[in-house]
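> Quick one, what's the 3D model for this:
(chains A and B)
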Amino acid sequence: MTDLQRRQDRSPVPSSFDYAPAPEARDIVRLESRYGLYVGGEWLEPRSGEYQPSISPATEEPLAEVAYGGAEDVDLAVTAARDAYENGWSGLRPAERAKYLFRIARILQERSRELAVLESLDGGKPIRESRDVDVPLAAAHFFYYAGWADKLEYAFPNRSPRPIGVAGQIIPWNFPLLMLAWKIAPALAAGNTVVLKPAETTPLTALLFCDVLRQAELPPGVVNIVTGDGRAGAELVKHEGVDKIAFTGSTEVGKAIQRELAGSGKKLTLELGGKAANIIFDDAALDQAVEGIVNGIYFNQGHVCCAGSRLFVQESIYEPVIAKLKRRLGTLRVGDPLDKNTDVGAINSKMQLERIQELVEAGKEEGAEIYQPPCQLPEKGYWFAPTVFTNVAQSYRIAQEEIFGPVLSVLTFRTPDEAVEKANNTPYGLSAGVWTEKGSRILWMAQQLRAGVVWANTYNRFDPTSPFGGYKESGFGREGGLHGLDPYLRFDASEVKGG
Amino acid sequence: MAERLPVRKTYKLYVGGKFPRSESGRTYEAEGANVALASRKDVRDAVRAARKAAPGWAAQTAYNRGQVLYRVAEMLEARAADLAALCDGQDEVEQAIDRVVWYAGWSDKLAQVLGSTNPVAGPYFDFTIPEPTGVVAVLAPDEPPLLGLLTRLAPVLVGGNTAVVVASEARPLAAIELAEVLATSDVPGGVVNLLTGRRAELAPVLAGHMDVNAIDLAGADGDAGELERLAAENVKRVVHGRADAESLYEIAAFLELKTVWHPIGV
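Modelled structure (predicted):
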């Protein structure tokens, strides 16, 4: 009861109406006090000797100590992955490979509650999202790619697909388990082994995933998890035993990795930042569109590379859209990530909170008008109220730079051409949204927008069968779908007719 | 003494559908001719021309792009004798013509093989289609001077991209002759831009150019690593093209994939 009381205290409730707190029980999660590195199917003390706490961003409470791998640790993991690749995994019958992946998918489903609670605890995202989006999608990814493992010849006509070898994978903190699934599932289906580095602030579900692997009896070394910070990531990128790097994260780091790998011959895929346009035409179903705007930018506190962070509203409907949006913001419940009523959880880290605060200040200074609904934020932890900027010029930093927080910049347009012109006016090209009742306009807009994913009358939707990835500085390579296999395969030269 | 003195050709650049000299006024001697020695400024002009031509070329119907490329093959055939004198001979020209025909035929098929419809769990018609990457820089292989260049250029064009090509430094004449073919075969001006000069001078400018979306390093010498490093500045797609490749997947290397979620409902 005291626990419940404490949780109630830090749940800010919009002044207008009350909800009874509905916290998800956290005792389903049993954390060790300290985690080593998962290498060759065993838990190793890090050679680096370094441990750091992983904290809950909602309470700042330390959850567990996590190893910070160094060069030697990465080397051990790559060696284990190489060994597993050469002595077993790559020679395994593909149908057997598939069955391991099916097993993993099933275990993720069976332990979904535990994983969802831990995801929200460690990362700060609302339990509603980790329960309904992150974990089910992670399981679905394994299930989808499992089926590909013994059907690869059908995916690429006139080619002979073969695994690459050892894949080094570096994932971000916004969808820790889901990004792990996006990386590991296609890599293993294609016959590779993996060294994965989870994000520094959200390592715990990846560590729990190692227990899933134990239950699935995946051969040792096929998946190795090296926790740590950017230093471990850098060691992985430059390790000579790694044949392929897959990175999801900021454009800045992505460029550094591309530079680092220049001339190395290693395969690379990058899924980087975005500054997506969400475009509302005057014939759109407005209430539905407002839900889409909210889902586009406040989903996962805006910690989404494809977040609809630039809202383009057709001028004729600007006022009603803004009025509806502000009203809807007032009903968003910000607070305890483990509360099933919570819409917006905690900002993932202090560093990220400071970045958001800095950009919001810049927005105010440059002359944009800020709106935040009245809401009481908890005293402890990292929080930021849902924010809307109106009166934004395209040149403002809040319209140009990825904020990666619950901050929306509103701009307007008159004609479809103008919407396209403004939407494409960014070095990024990850995603876009279009809201209109007219099917032909949806398809015309989809054609014009320079972005890898275009959502029409919806936003932030993902599916294992649906390829995802960027144009321009949002990266290259696709994850999901048939196309998501390509980055993890190499192909014989036999398809090429000699000249 | 000869009865008649032949009229020689002045070899110039091919930019935006026109044949300018290098803005620098420089030339270098290659294969017995004075050839334009393109400058950094020429590179930037060529990229601008390619960018300007990109939306129009990408918006052509696939059928039309196929016909335009087929027309290139027709024009090559008509000038086969001239071209043979500038490359390794008739064989090379014939292979080059056949390769262009082979790629021309892909224009209205590649989306069917490379795209997909995706059975998502929800009321959406979800599909993935290939689209051109945009402006592509091509460092043509040194050898063979005509076939190598066309082997790299054809997959770029058939996918709907526009190109800035750096010709073989030692053997640029076949490339310039090719530019004259392109200029007379319905390829819109600016879709292909061709530069001659010092590769070591031009390649880094292209690799680091912020308005170039992809670069084919087929003709890079020892500096591929450095060019790749420069390419990271705007996350360019880097392709290590082969001088003799003929594959659908050579086209795919210069394509983006776009996934569209279209609602289903009444």
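
> Report the closest residue of the stretch 201-350 of chain A relative to chain B.
Minimum separation of the stretch 201-350 of chain A from chain B (Cβ to the nearest Cβ) falls at A:Gly263, amounting to 2.5 Å. C-beta: built from backbone N, CA, C; applies to glycine.

> helix, strand or coil for that residue?
Put simply, A:Gly263 is coil when judged by DSSP: H, G, I helix; E, B strand; the rest coil.

> how much space between the closest residue to it other than its chain neighbours and A:Leu261?
Using Cβ to Cβ, 6 or more residues apart in numbering or on different chains and skipping residues adjacent in sequence, the residue nearest A:Gly263 is B:Gly225, 2.5 Å away. Distance from B:Gly225 to A:Leu261, counting by Cβ to Cβ, to the nearest Å: 10 Å.

> And the helices in the stretch 51-200 of chain A, which stretches?
Taking DSSP state H, counting those that start in this stretch as the test, the helices found in the stretch 51-200 of chain A are A:71-86, A:94-110, A:112-123, A:127-129, A:135-148, A:176-189.

> now for the last one, which elements pack on it?
Of the remaining helices and strands, those touching helix A:176-189 by 3 or more Cβ pairs under 8 Å, 6 or more residues apart in numbering or on different chains; DSSP states H and E are helix A:94-110, helix A:112-123, helix A:135-148, strand A:166-170, strand A:193-197, helix A:204-216, strand A:244-248.

> What's the mean pLDDT across it?
Averaged across helix A:176-189, the pLDDT comes to 98.

> Between B:Gly225 and A:Leu261, which is the more surrounded one?
A:Leu261 (23 against 15; other Cβ atoms under 10 Å in any protein chain shown).

> ok so, going back, which one of the helices of the stretch 51-200 of chain A lies closest to B:Thr196?
Judged by Cβ to Cβ, the one of those that comes nearest to B:Thr196 is helix A:176-189, at 43.6 Å.

> Return the distance of that closest one from the chain's centre.
For helix A:176-189, the distance from its own C-alpha centre to the chain's C-alpha centre is 11 Å (Cα atoms, centre = their mean, to the nearest Å).

> got the angle between that helix and helix A:135-148?
Helix A:176-189 runs at 0 degrees relative to helix A:135-148, counting by axes from the mean of the first three to the mean of the last three Cα atoms, to 10 degrees.

> so how far is B:Ala253 from the residue nearest to A:Gly263?
19 Å.

> name the element the residue nearest to A:Gly263 belongs to?
Applying DSSP states H and E as the criterion places B:Gly225 in helix B:224-231.

> now swap in B:Val136 and tell me
If you go by DSSP H and E, B:Val136 is part of strand B:135-139.

> quick revisit: save the helices and strands packed on helix A:176-189 as CSV, and put in mean neighbour count too.
Putting these into CSV (neighbours: other Cβ atoms under 10 Å in any protein chain shown) gives the following:
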stretch, mean neighbour count
helix A:94-110, 19
helix A:112-123, 25
helix A:135-148, 23
strand A:166-170, 28
strand A:193-197, 27
helix A:204-216, 21
strand A:244-248, 25
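
> Which among the ones you listed is found nearest to chain B?
Set against chain B and scored by Cβ to the nearest Cβ, the helices and strands packed on helix A:176-189 come closest in helix A:135-148, at 7.5 Å.

> circling back to that earlier point, the residue nearest to A:Gly263 and A:Glu260 touch, don't they?
No. The criterion here is Cβ atoms under 8 Å, and B:Gly225 misses it with A:Glu260 at 11.1 Å.

> Can you give me the pLDDT of the residue in chain B positioned nearest to chain A?
In chain B, no residue comes nearer to chain A than B:Gly225, which is 2.5 Å away by Cβ to the nearest Cβ. The model reports B:Gly225 with a pLDDT of 96.

> now the strands for the stretch 351-499 of chain A?
For the stretch 351-499 of chain A, applying DSSP state E, counting those that start in this stretch gives strands covering A:369-371, A:387-390, A:407-413, A:431-435, A:453-456, A:475-476, A:489-491.

> follow-up on the earlier one: any idea how far B:Pro204 is from the residue nearest to A:Gly263?
As for B:Gly225, its distance to B:Pro204 is 12 Å (criterion: Cβ to Cβ).

> what's B:Lys236 in contact with, if anything?
By Cβ atoms under 8 Å, 6 or more residues apart in numbering or on different chains, the contact set of B:Lys236 is B:207, B:212-215.

> switch to 7 Å and redo it
Taking Cβ atoms under 7 Å, 6 or more residues apart in numbering or on different chains, we find B:Lys236 in contact with B:212-215.

> Give me the contact list for the helix holding B:Gly225.
Against helix B:224-231 from outside (Cβ under 7 Å, 6+ apart): A:259, A:262-263, B:203-204, B:207-208, B:215, B:217, B:220, B:238.
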